[in-house]
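Engineer: coords below, sequence missing:
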């Protein structure tokens, strides 16, 4: 489980959604968000993705253990070069 400090995420109170740039965290199936001002913590588990792992617009969606909050981790660090290298490796045996 990776801990993400409040300096690395934003919060949308209308949707109860925390937002994290994918460049700011290493991928994990469980994250803990820490509010640096209050010391509060909340744990999130991976739920689903909104698209391909090679699409920079994909979001990785996590749900809090109580189901009340959502964490979205962006996929901004994927580049066309990453996607092309992945495809070439997969097609190498064809």
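Structural biologist: Right, received. Where do you want to start? Just so you know, these numbers come straight off a predicted model, no measurement behind them.
Engineer: excluding its backbone neighbours, what's nearest the most centrally placed residue in the chain?
Structural biologist: Closest residue to the average C-alpha location of the chain: residue 73 at 2.3 Å, with C-alpha atoms, centre = their mean. In space, residue 73 comes closest to residue 60 once its chain neighbours are excluded; the distance is 4.3 Å by C-beta to C-beta, 6 or more residues apart in numbering. The C-beta positions use only the backbone N, C-alpha and C, and glycine is treated the same way.
Engineer: low-confidence ranges, the protein, go.
Structural biologist: Across the chain, residues meeting the criterion (pLDDT under 70) sit at 77-79, 82-83, 86, 93-94.
Engineer: and if we set it to 80?
Structural biologist: Along the chain, the model assigns pLDDT under 80 to residues 5, 54, 76-94.
Engineer: select the longest strand from it.
Structural biologist: In the chain, assigned by DSSP state E, the strand with the most residues is strand 41-49.
Engineer: show me the contact partners of that strand.
Structural biologist: 1, 3, 18, 29-35, 58-65, 69-71 (C-beta atoms under 8 Å, 6 or more residues apart in numbering).
Engineer: try 7 Å this time
Structural biologist: 29-34, 58-65, 69, 71 (C-beta atoms under 7 Å, 6 or more residues apart in numbering).
Engineer: picking up where we left off before, tell me what angle the strand or helix carrying the residue nearest to the centre of the chain forms with strand 41-49.
Structural biologist: Element membership of residue 73 [criterion: DSSP states H and E] is strand 70-74. Angle, strand 70-74 to strand 41-49, by axes from the mean of the first three to the mean of the last three C-alpha atoms, to 10 degrees: 60 degrees.
Engineer: and the next helix or strand past strand 70-74?
Structural biologist: Next along from strand 70-74, by DSSP H and E: helix 80-91.
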